[in-house]
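> here are the coordinates; sequence isn't available:
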């Protein structure tokens, strides 16, 4: 029986390792696509200026995306905190109704 269980564990471990490897490969592929080789060898002055402008424009685009994403993250965090407060308020209302003695009208005390 332990033979089968051991092989099951081995399969799950190999699957996890395989998944990590594919995630690493995906990350490397994405970074390789994003990173462009500089290739400034044998370029004239005008070509170098053009390359510098191109890189500056690309950097500004990336900075803009970064800013947009950070603002979106801030807004989402704010919304989450508001929702957490609302949940706590609602939970407080429900817990107050069930806590303590129930009020009875009349002479009963």
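Looks like it arrived, so ask away. Everything numeric here is computed off the predicted structure, so don't read it as measured data.
> residues near residue 21, how many?
By other C-beta atoms under 10 Å, the residues close to residue 21 number 10. In short, each C-beta sits where N, CA and C put it, glycine included.
> contacts for stretch 34-41, please.
Applying C-beta atoms under 8 Å, 6 or more residues apart in numbering, the external contacts of stretch 34-41 come out as 48, 51.
> can we see that at 10 Å?
Stretch 34-41 has contacts (C-beta atoms under 10 Å, 6 or more residues apart in numbering) with 47, 48, 51, 52, 54, 55, 58, 62.
> residues touching the fourth one, list them.
If I follow you right, that is residue 52. So residue 52 contacts residue 40 (C-beta under 10 Å, 6+ apart).
> distance check, it against residue 43.
Going from residue 52 to residue 43 by C-beta to C-beta, to the nearest Å gives 10 Å.
> then the last one?
According to C-beta to C-beta, residue 62 and residue 43 sit 23 Å apart.
> do the third one as well
Between residue 51 and residue 43 the computed distance is 7 Å (C-beta to C-beta).
> okay, now the unreliable bits of the chain?
Low-confidence segments of the chain, defined by pLDDT under 70: 1-19, 95-109.
> now the helices for this structure?
2-34, 45-98 (DSSP state H).
> now residue 40: phi and psi?
phi -100, psi 0 (degrees, to the nearest 10).
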